[in-house]
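**Student:** got a predicted model here, sequence first, then my questions.
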Amino acid sequence: MSERRALVVGATGLTGRNAAEQLARSGWEVTGVSRKQGMDTDGVRNVSADISDPVSIAAVAREVRATHLFYCTWSRQETEARNIDVNGAMLRNVLETAGRTDTLEHVCLVTGLKHYLGPFEAYAQNPAQPPFHESQPRLAHENFYYTQEDILWEAAERFGFSWTVHRPHTVIGYTLGNAMNMGVTLAVYGTLARETGLPFVFPGSPEQYDGTTDITDARLLAEHLVWAATTPEAANEAFNVTNGDTFHWRQMWEVVAGGLGVEPAPYPGHPAPLDDRMGDAAATWRRIAERDGLVELDIDRLVSWWHTDSDLGRTVETHAAMTKSREAGFTRTQDSGRSFLDLFDRLRAEGVIPEVSA
């Protein structure tokens, strides 16, 4: 195992952090790269680099000489055209520099279910039919996920490494400062509701409240990445990655509320977006955080109201089949309710949200 050297790009993000932790626990030599300060995790060496700068990431690639690359990051832009340009260039920079080391054996690229739903500009307007299968064709819309896949395949052919593409649904897990973190966003929302009497109402659409959906636990995704990187049967394939169960938010909202010590409010039958309702939440959160000695006073470092609204506001059902992974040998499953409850427990243990009074 010591001969396996992992380079995790985006190691402070939700997916990258959990992947780095899992790799370290499994005995890999792990280097995490990000633009900001690295995480404090046993067994993970953190380096700073700007992957939009070929010179910056080339220096890291030459030093690490990774055998396995885990690409777990993206940069949100104002338009999908810009997403394609910026995110395509970043991935290309990393693959070009890592590929030239002649040590690279495998690349894991993490994308997501927008592969089937479309980009933010045309989100869920003409989606694929659920349950999503990896064999379904690409949508007609431009999508930076498609561009990244094309870049990956071209680089793999030139440099001779194998690859896997991983398509999770909404990822639930522990990290801070992430732009797409529903679990922490809901934890902050529930804390505010408990403290202020704000109704803890499901903020999304009727279709999401009553329809079938799924999520992806960040810990399971990390295990899937390690499995794919080391399993010959998985090489050169794209995989959906979800917990393996499905649920309705009508039921899950009660689980989430119970885990946060707040009463779920009756669903009003229409969306109640958090972005519209949380405009004054920053000052309230700061008071709570100062009173209870929480680790983060800035609510904007914790929540992504816009992303949670987008996720829960879809007017189509969204769930993905895990058959392809199962047939290739990945049989791990995760109870989705437990994903939320475990996250809330860790957020309390880390001092991110306050303890719930008995």
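**Tutor:** Cool, got the structure.

**Student:** send the alpha carbons of the helix ranked longest in the chain over as CSV?
**Tutor:** Taking DSSP state H as the criterion, the chain has its longest helix at helix 80-99. The C-alpha trace of helix 80-99 is given here as CSV (Å, rounded to 0.1, in the frame of the first residue of the first chain):
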residue,chain,number,x,y,z
GLU,A,80,-22.2,27.4,-18.3
ALA,A,81,-19.9,28.6,-21.0
ARG,A,82,-17.6,30.0,-18.4
ASN,A,83,-18.0,26.8,-16.3
ILE,A,84,-16.8,24.8,-19.3
ASP,A,85,-13.8,27.1,-20.0
VAL,A,86,-12.7,27.4,-16.4
ASN,A,87,-13.3,23.9,-15.1
GLY,A,88,-12.1,22.3,-18.3
ALA,A,89,-8.8,24.3,-18.1
MET,A,90,-8.3,23.4,-14.4
LEU,A,91,-8.7,19.6,-15.1
ARG,A,92,-6.5,19.8,-18.1
ASN,A,93,-3.8,21.5,-16.2
VAL,A,94,-3.8,18.8,-13.5
LEU,A,95,-3.9,15.9,-16.0
GLU,A,96,-1.2,17.3,-18.2
THR,A,97,1.2,17.8,-15.3
ALA,A,98,0.4,14.6,-13.4
GLY,A,99,0.4,12.6,-16.6
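
**Student:** which other helices and strands contact that helix?
**Tutor:** If contacts are counted by 3 or more C-beta pairs under 8 Å, 6 or more residues apart in numbering; DSSP states H and E, helix 80-99 sits against helix 54-64, strand 68-71, strand 106-110, helix 144-159. C-betas here are computed from N, CA, C, even on glycine.

**Student:** could I get those in CSV, plus columns for mean neighbour count?
**Tutor:** Compiled in CSV, these are given as follows (neighbours: other C-beta atoms under 10 Å):
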stretch, mean neighbour count
helix 54-64, 17
strand 68-71, 27
strand 106-110, 25
helix 144-159, 18
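
**Student:** which of those sits closest to residue 240?
**Tutor:** strand 106-110 (12.0 Å; C-beta to C-beta).

**Student:** would you indicate which residues of the next helix or strand after that closest one are buried?
**Tutor:** Remark: after strand 106-110, the chain's next helix or strand is helix 114-117, criterion DSSP states H and E. Neighbour counts over helix 114-117 (16 or more other C-beta atoms under 10 Å) mark 114-117 as buried.

**Student:** ok, and what's touching helix 114-117?
**Tutor:** 120, 123-124, 127-128, 130, 132, 136, 138-139, 143, 145-146, 167, 314, 316, 318, 320 (C-beta atoms under 8 Å, 6 or more residues apart in numbering).

**Student:** average pLDDT across that helix?
**Tutor:** Summarised as a single mean, pLDDT over helix 114-117 is 97.

**Student:** go ahead and flag the most central residue of the protein.
**Tutor:** Nearest to the mean C-alpha position of the chain, by C-alpha atoms, centre = their mean, lies residue 171 at 4.3 Å.

**Student:** what segments of the protein are strands?
**Tutor:** 5-9, 29-34, 44-48, 68-71, 106-110, 162-168, 171-172, 216-217, 237-241 (DSSP state E).

**Student:** was I right about the residue nearest to the centre of the chain contacting residue 13?
**Tutor:** No. Residue 171 lies out of contact with residue 13 (C-beta atoms under 8 Å); the separation is 9.5 Å.

**Student:** run through the stretch 101-250 of the chain and note the low-pLDDT ranges.
**Tutor:** Residues of the stretch 101-250 of the chain that meet the criterion pLDDT under 70 are absent altogether.

**Student:** rerun that using 80 as the cut-off
**Tutor:** Applying pLDDT under 80 to the stretch 101-250 of the chain flags residues 178-179.

**Student:** who does residue 107 bridge with?
**Tutor:** Going by DSSP bridges, residue 107 is paired in beta bridges with residue 69, residue 163.

**Student:** how close does it get to residue 16?
**Tutor:** Going from residue 107 to residue 16 by C-beta to C-beta, to the nearest Å gives 14 Å.

**Student:** please apply the same query to residue 81.
**Tutor:** Where residue 16 is concerned, residue 81 sits at a distance of 26 Å (C-beta to C-beta).

**Student:** please apply the same query to residue 142.
**Tutor:** Taken as C-beta to C-beta, the span from residue 142 to residue 16 is 25 Å.

**Student:** ok, now residue 342?
**Tutor:** In terms of C-beta to C-beta, residue 342 sits 19 Å off from residue 16.

**Student:** which one's more surrounded, these two?
**Tutor:** Taking neighbours as other C-beta atoms under 10 Å, residue 342 and residue 16 compare with residue 16 leading, 27 against 19.

**Student:** correct me, but that one touches residue 35?
**Tutor:** No. In this structure residue 16 lies outside contact range of residue 35 using C-beta under 8 Å: 11.9 Å.
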